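Asks: next comes the sequence, and after it the predicted model I'd like to discuss.
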Amino acid sequence: METDLTLADGRTLRVYDTGSGDPVFWHHGTPQIGAVPAPLLALPGIRWLSYDRPGYGGSTADPGRTIGSAAADAAFVADSLGVSRFSVLGHSGGANHALACAALLPERVVHCVTVGALAPFKADGLDWWAGMVAPEELRASVAGRDALAEVLAAALFDENSFTAADHAAVSGAWSDLGRNSDLATANGLDGMIDDDLAYVMPWGFAASDVRCPTLLLHGVEDRVIPLSHAEWLARHLPAATLRPSSSDGHISALDRILDVVEFLHG
């Protein structure tokens, strides 16, 4: 099911509700829409809930939103669908929005799984930029909205950011990501801009606030968000387990979700 919900502030959220079983919120990466990729839909016994983050697809932009803002939006969606408790799963920037729900909705989130998550900007003891092959987009975010918009308008993508395994994943099992990326930016770049700005601002919660059982999946060869970010999170989340995968990059690491589906069922 795909539907539009109207929030109290007048914004619209494009919402997806697919499958049956244990409810799991999918938090998409940047730039994507909330439509759940086919490999996840094939997993049995899961009711997938998701939405286009503000500014993407059918959802109204919300300038100035933080990563923590995702918790209120997710709670609204869950309430509207009659879901009280759920697990969360996020990839790339969506992983941090999943962490926001775990931190700020502690009575509702059962388990959290992240794939390729970022550590907080200016995290103590972490060289945040080290290992990023193409950090220009995020560096422009630090400079502000105008500088970021200029970089994004150039629409440049460094193919070296993806490993051979990533390229194979995008052209194969995870090809939905390419289609979803096109749909995400069809009406402009607001969602992508607001995502990127949020990544380099305070999250609206601390990593230590994520107290539910959390599984951090991360490719050792990730060139977009280096493994060091997940290692930092593993040291600072009270109930986290880091599971690195030696042959994976940023996209191919999504395959590891298929190995831990029992964790999502809780």
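Replies: Perfect, I can see it now.
Asks: what's the distance between the most centrally placed residue in the chain and residue 88?
Replies: The chain has residue 94 as the residue nearest its centroid, 0.8 Å off, counting by Cα atoms, centre = their mean. Distance from residue 94 to residue 88, counting by Cβ to Cβ, to the nearest Å: 9 Å. For glycine as for every other residue, the C-beta is placed from the backbone atoms N, C-alpha and C.
Asks: coming back round to it: what sits against the residue nearest to the centre of the chain?
Replies: Contacts for residue 94 were tallied using Cβ atoms under 8 Å, 6 or more residues apart in numbering; they are 26-30, 32, 53.
Asks: which residues touch residue 36?
Replies: The contact partners of residue 36, by Cβ under 8 Å, 6+ apart, come to 16, 18, 26, 48, 50.
Asks: among these, name the ones in strands.
Replies: With strands defined by DSSP state E, the entries of the contacts of residue 36 inside them are 16, 18, 26, 48, 50.
Asks: mind checking the SS state of the residue nearest to residue 261 when sequence neighbours are not counted?
Replies: For residue 261, ignoring the flanking residues on the chain, the nearest one in space by Cβ to Cβ, 6 or more residues apart in numbering is residue 43 at 5.2 Å. Secondary structure assignment for residue 43 (DSSP: H, G, I helix; E, B strand; the rest coil): coil.
Asks: wait, doesn't residue 43 sit right on residue 260?
Replies: No - applying Cβ atoms under 8 Å, one finds residue 43 not in contact with residue 260, separated by 10.4 Å.
Asks: so who does residue 211 touch?
Replies: Applying Cβ under 8 Å, 6+ apart, the residues contacting residue 211 are 102-103, 106, 238-239.
Asks: and if we set it to 7 Å?
Replies: For residue 211, the residues meeting the contact criterion (Cβ atoms under 7 Å, 6 or more residues apart in numbering) are 106, 238-239.
Asks: buried residues, stretch 142-162. List them.
Replies: 148, 151-152, 161-162 (16 or more other Cβ atoms under 10 Å).
Asks: which parts of the chain are helices?
Replies: Assigned by DSSP state H, the helices in the chain fall at 38-41, 69-80, 93-104, 136-143, 145-153, 164-171, 176-184, 190-199, 227-236, 261-265.
Asks: which of the ones you listed sits closest to residue 117?
Replies: Residue 117 lies closest to helix 93-104 among these, at 3.6 Å (Cβ to Cβ).
Asks: distance from the chain centre to that closest one, please.
Replies: Centroid separation between helix 93-104 and its chain, computed with Cα atoms, centre = their mean, to the nearest Å, is 8 Å.
Asks: pull out the buried residues from it.
Replies: So helix 93-104, judged by 16+ other Cβ under 10 Å, has buried residues 93-104.
Asks: follow-up on the earlier one: would you list the contacts of residue 211 in a markdown table and tack on distance to residue 10?
Replies: Written out in a markdown table, the entries for the contacts of residue 211 read as follows (distance: Cβ to Cβ, whole Å):
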| residue | distance to residue 10 |
| --- | --- |
| 106 | 28 |
| 238 | 37 |
| 239 | 37 |
